[in-house]
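Colleague: The following block contains a protein sequence and its predicted model.
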Protein chains: 2
Amino acid sequence: MTVPSGRRERKKAATRQKIADTALRLFLDRGYDAVGLRDVAAEADVAVTTIFAHFAAKEALVFEQDDTFEHRLTRAVTDRPPHEPLIPALRRELHAMVRHCTADGAAPTWRMIDQSPALRDYEESMKRRHAQALATAIAADLGLPSATTACRTIARFVIDAHSLARQAADPEAAVDEIFEMIEAAWAATGLSRSDLGRAAAGQR
Amino acid sequence: MTVPSGRRERKKAATRQKIADTALRLFLDRGYDAVGLRDVAAEADVAVTTIFAHFAAKEALVFEQDDTFEHRLTRAVTDRPPHEPLIPALRRELHAMVRHCTADGAAPTWRMIDQSPALRDYEESMKRRHAQALATAIAADLGLPSATTACRTIARFVIDAHSLARQAADPEAAVDEIFEMIEAAWAATGLSRSDLGRAAAGQR
DNA sequence: ACCGTAGCACTAACCGTTAGGGTTTTGAAA
DNA sequence: TTTCAAAACCCTAACGGTTAGTGCTACGGT
């Protein structure tokens, strides 16, 4: 039961990376639907079953850093400067994330995602998990024992902001526009007073 | 190119209904995942391909009245009494829809949906379509040429309300709680002034 | 040096879905 | 009535994602 350390871990990570890289290359090259998992396996020189040992589904090959997304959101809540209100912290993080999605390097990948219904669906199902994690983090931040309806609602709105902004003509401006709405929704819950007055004072 | 009238239509509708009924019965009986489409086809005495002539996917067998949902939302916007503000009209409709979901007859079906990831995912992908339709309807109601970010955002929030409320302990109360937030978000857009003052005066 | 196990391969299948092509039923025109 | 085109349906076969079963190999701890 000791932590497997050294070569084994590295080899496993290398295999995973090789699969992900090969898959993404083939997908961008020939199109997501035109590439089968048997193609990916052959090109990466692994067995099809090995792919499923590393990734839960074909779509997961594209969203390799799924966890990163989730962690960034929850940490934007938990690791924010003391006394910083909740919503502005999330707004800052969303700005960064949207900017990252529309960066030159990632743009072709996201274009591919937008063109494939299967990938869009998978992205949304990921985001539902993220919303749940975020709701829990928000509840914890407020000292609540579990996520209330208001927490879950705000979490969902924040996740929505990402989807909506990504598809907008001017993503950065969209983040701001949507967060004005979220800020108002948050203020309407009464939970915002937990932010010790700073939030209420800061938000006009 | 004449309108197909009479027996043909009835027979087709009957086949569709027999498939849907059989499928739902088997699903509730043995579990959604434990029943294959080949089972459904055999039990309904049709070919597997016939199922796909009536339903786009296996999951669609469960969400038979998909369109109804969408039409109810858009008509809540377009067919509401003159001068009634937008958000309260949507709130009323959501109340009715949530009540319908939690009614005794439909309860086992929704329990099944909640237990199957495939069905939950499908429900969400449906709802994204509904959100888009609702956004368009809202934009039209405001006299806008196309759905802006604010329209899309409000539409999405309203759809979220349905998902969130359905899973809450007290769905009806959750609708009210979430709509307080939506009302505030809507007021923050400035679009609400299109409601000729009635909305602004009535809320709060 | 030895053993448990993690990582991976291989085969064979299951299941949802679609294509291809054929047969019957229906509605309406000739 | 006869005729015809389209609609509805059936059957077969396949494709692609996904999983179970089985076993081999190389790594890491003892």
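Modeller: Done, it's in. What you are looking at is a predicted structure, and each value in this text was computed from that prediction instead of being measured.
Colleague: can you give me the helices in chain A?
Modeller: Applying DSSP state H to chain A gives helices spanning A:7-30, A:37-44, A:48-54, A:66-78, A:86-101, A:107-115, A:117-141, A:149-167, A:171-187, A:198-202.
Colleague: Spell out which residues of chain A are next to DNA strand D.
Modeller: Contacts of chain A with DNA strand D, taken as CB under 7 Å from any atom of the strand, map to A:2-9, A:11, A:35-38, A:48-49, A:52, A:56-59. Heads up, the C-betas are built off the backbone N, CA and C, glycines and all.
Colleague: 10 Å instead?
Modeller: Residues of chain A lying near DNA strand D by CB under 10 Å from any atom of the strand: A:1-12, A:27, A:32-41, A:47-53, A:55-61, A:118, A:122.
Colleague: contacting residues around A:H95?
Modeller: A:172, A:175 (CB atoms under 8 Å, 6 or more residues apart in numbering or on different chains).
Colleague: Roughly how far does it sit from A:G105?
Modeller: Separation of A:H95 from A:G105 (CB to CB, to the nearest Å): 18 Å.
Colleague: so where's chain A shaky on pLDDT?
Modeller: For chain A, applying pLDDT under 70 flags the ranges A:1-5, A:193-204.
Colleague: tell me the domain boundaries of it?
Modeller: Domain assignment for chain A by automatic domain parsing gives A:7-58, A:66-203.
Colleague: Identify the residue nearest the residue most central in space within chain A in space, chain neighbours excluded?
Modeller: By CA atoms, centre = their mean, chain A has its centre lying nearest to A:F69, at 3.2 Å. In this structure, A:F69 finds its nearest non-sequential neighbour in A:H130, 6.2 Å apart by CB to CB, 6 or more residues apart in numbering or on different chains.
Colleague: hmm, back to that, just to check, the residue nearest to the centre of chain A is in contact with A:A131?
Modeller: No. Judged on CB atoms under 8 Å, A:F69 makes no contact with A:A131 at a distance of 11.3 Å.
Colleague: So which bits of chain A are right by chain B?
Modeller: A:117, A:121, A:124-125, A:128, A:149-150, A:152-154, A:156-157, A:160-161, A:163-164, A:168, A:174, A:177-178, A:180-189 (CB under 8 Å from any CB of the partner chain).
Colleague: hmm, which of those are the buried ones?
Modeller: Restricting the residues of chain A next to chain B to buried positions leaves A:121, A:124-125, A:149-150, A:152-154, A:156-157, A:160-161, A:163-164, A:168, A:174, A:177-178, A:180-189, with burial counted as 16 or more other CB atoms under 10 Å in any protein chain shown.
Colleague: Near A:K18, how many other residues are there?
Modeller: With neighbours defined by other CB atoms under 10 Å in any protein chain shown, the count for A:K18 comes to 15.
Colleague: Which positions within stretch A:66-86 qualify as buried?
Modeller: Those would be A:66, A:69-70, A:72-74, A:76-77, A:80, A:85-86, for stretch A:66-86 by 16+ other CB under 10 Å.
Colleague: biggest separation within those residues, which pair?
Modeller: A:D66 and A:P85 (28.0 Å; CB to CB).
Colleague: got a list of what the nearest residue to A:A188 once chain neighbours are set aside touches?
Modeller: Excluding the flanking residues, the one nearest A:A188 by CB to CB, 6+ apart is B:A184, at 3.7 Å. Neighbouring residues of B:A184 by CB under 8 Å, 6+ apart: A:184-185, A:187-188.
Colleague: Quick check: the two most widely separated of these?
Modeller: Spatial extent of the contacts of B:A184 (CB to CB) is set by the pair A:A185 and A:A187 at 7.3 Å.
Colleague: List the contacts of A:L94.
Modeller: Here A:L94 is in contact with A:158, A:161-162, A:165, A:175, A:179 (CB under 8 Å, 6+ apart).
Colleague: How about A:A89, nearest residue that isn't a chain neighbour?
Modeller: Nearest non-adjacent residue to A:A89 (CB to CB, 6+ apart): A:R80, at 4.1 Å.
Colleague: measure the one you found to A:T74 for me?
Modeller: A:R80 is 11 Å from A:T74, by CB to CB.
Colleague: same check, this time on A:A187
Modeller: 22 Å.
Colleague: Also A:E180?
Modeller: Look at A:E180 and A:T74: by CB to CB, they are 23 Å apart.
Colleague: and A:Q167, how many neighbours?
Modeller: If we define neighbours as other CB under 10 Å, then A:Q167 has 12 of them.
Colleague: Roughly how far does the residue nearest to it when sequence neighbours are not counted sit from DNA strand D?
Modeller: Nearest residue to A:Q167, sequence neighbours excluded (CB to CB, 6+ apart): A:D114, at 7.6 Å. With distances taken as CB to the nearest atom of the strand, to the nearest Å, A:D114 is found 18 Å from DNA strand D.
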